[in-house]
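*Asks:* Fold the stuff below for me.
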Amino acid sequence: MDSLAVTPEHRRLDADDWKGIYVIGDVHGCHRELEDLLDELDPDDNELLVFVGDLVRKGPDNHGVVELVRSLDNAVSVRGNNEAKLFRGDATLPELTDEDMRYLESLPVAISWDDNLVVHGGVNPHRKLVDHTTEELLNMREPTADESYGGPFWWEYHEGPPRVFFGHTPLDSPVDRPHAIGLDTGCVYGGSLTAYDCARDEFVNVPARETYEERSDSDVVSPPVDNPTPSTPSQ
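*Replies:* You can find the predicted model right below:
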């Protein structure tokens, strides 16, 4: 795997320290749904929960989500673009405590183990991982476009390794490819909250209890069922 340097921005894990690993999609302040998902997963203390970022914003209980995640000794998260908006002052969440903010500010941009990488947005298949900027890892969607939803998306032609777990792009079903697993199934928009069980190679999800924010259907991506790999677009 073309590795990122191990820095405060990148946390490297040893998978042998854990009996199992679950990767969890964008929570966006959906506290009740996160509790529902954790009830469904029923992890023990030797199973690790890895969040793909965007723990906060848009949903009803941002403090509850951060308080829950930071209280768990077996939970880690990468930073999402919505956490970055808080740090830049582009958004505010008065309900977050000083402890919440310190926790969010401590989150790395990337977490990895073996040949697996968790980032919020994604990677550019045209470049080495070490050459990516923080903003790219937080916001990558279409390397040849500017934050649109028409594709082609980076994961359609990422051949790996690593296998990249990501959120950021709202999906009506998970991306399930050999080297890319997409987990933002739009819980805050009335979809579901999804996790990937790495030990069993299967998805686990719970439905949203309600729609907390409306979103245009054109801004929700439908991954192909057979997830074909298109030819690599030019830069």
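
*Asks:* Please make it C-alpha for all contacts and neighbour counts, starting now.
*Replies:* OK.

*Asks:* so R11 sits in a helix?
*Replies:* No. R11 is assigned strand when assessed by DSSP: H, G, I helix; E, B strand; the rest coil, not a helix.

*Asks:* which residues does the residue nearest the centre of the chain contact?
*Replies:* Among the residues of the chain, V52 comes closest to the average C-alpha position under Cα atoms, centre = their mean, at 2.4 Å. Applying Cα atoms under 8 Å, 6 or more residues apart in numbering, we find V52 in contact with 23-26, 77-80, 118-120, 165-167.

*Asks:* where exactly do the strands run in this structure?
*Replies:* Listed in chain order, the strands of the chain (DSSP state E) span 10-12, 20-24, 47-51, 75-77, 110-113, 116-118, 163-166, 175-177, 180-182, 192-197, 202-207.

*Asks:* Which one of these lies nearest to D100?
*Replies:* In terms of Cα to Cα, the element of the strands of the chain nearest to D100 is strand 75-77, at 13.2 Å.

*Asks:* contacting residues around the closest one?
*Replies:* By Cα under 8 Å, 6+ apart, strand 75-77 touches L48, L49, V50, F51, V52, G53, V69, R70, L107, P108, I111.

*Asks:* For burial, what's the neighbour tally of the second one?
*Replies:* Residues contacting L49 under the criterion other Cα atoms under 10 Å number 25.

*Asks:* Provide a list of residues in contact with it.
*Replies:* So, once contact is read as Cα under 8 Å, 6+ apart, L49 ends up touching I21, Y22, V23, I24, N74, A75, V76.

*Asks:* Export the residues you listed to a markdown table and append columns for pLDDT.
*Replies:* Shown next, in a markdown table, are those (pLDDT from 0 to 100):
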| residue | pLDDT |
| --- | --- |
| I21 | 98 |
| Y22 | 98 |
| V23 | 98 |
| I24 | 98 |
| N74 | 98 |
| A75 | 98 |
| V76 | 98 |
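
*Asks:* Farthest pair within the residues you listed?
*Replies:* I24 and N74 (12.9 Å).

*Asks:* For the two, indicate the residue with more neighbours.
*Replies:* Neighbours were tallied for I24 and for N74 using other Cα under 10 Å; the higher tally belongs to I24 (29 against 17).

*Asks:* Now for A91: which residues touch it?
*Replies:* Contacts of A91 (Cα under 8 Å, 6+ apart): K85.

*Asks:* From K19, how far out is the nearest residue in space to Y212 that is not next to it in sequence?
*Replies:* In space, Y212 comes closest to V188 once its chain neighbours are excluded; the distance is 5.4 Å by Cα to Cα, 6 or more residues apart in numbering. Distance of V188 to K19, computed by Cα to Cα, to the nearest Å: 30 Å.

*Asks:* More neighbours: which of those two?
*Replies:* V188 (28 against 13).

*Asks:* Just to check, the more buried one is in contact with G59?
*Replies:* Yes. V188 lies in contact with G59 (Cα atoms under 8 Å); the separation is 5.8 Å.

*Asks:* shared neighbours, those two?
*Replies:* Common contact partners of V188 and G59 (Cα under 8 Å, 6+ apart): H28, G29, C30, Y212, E213.
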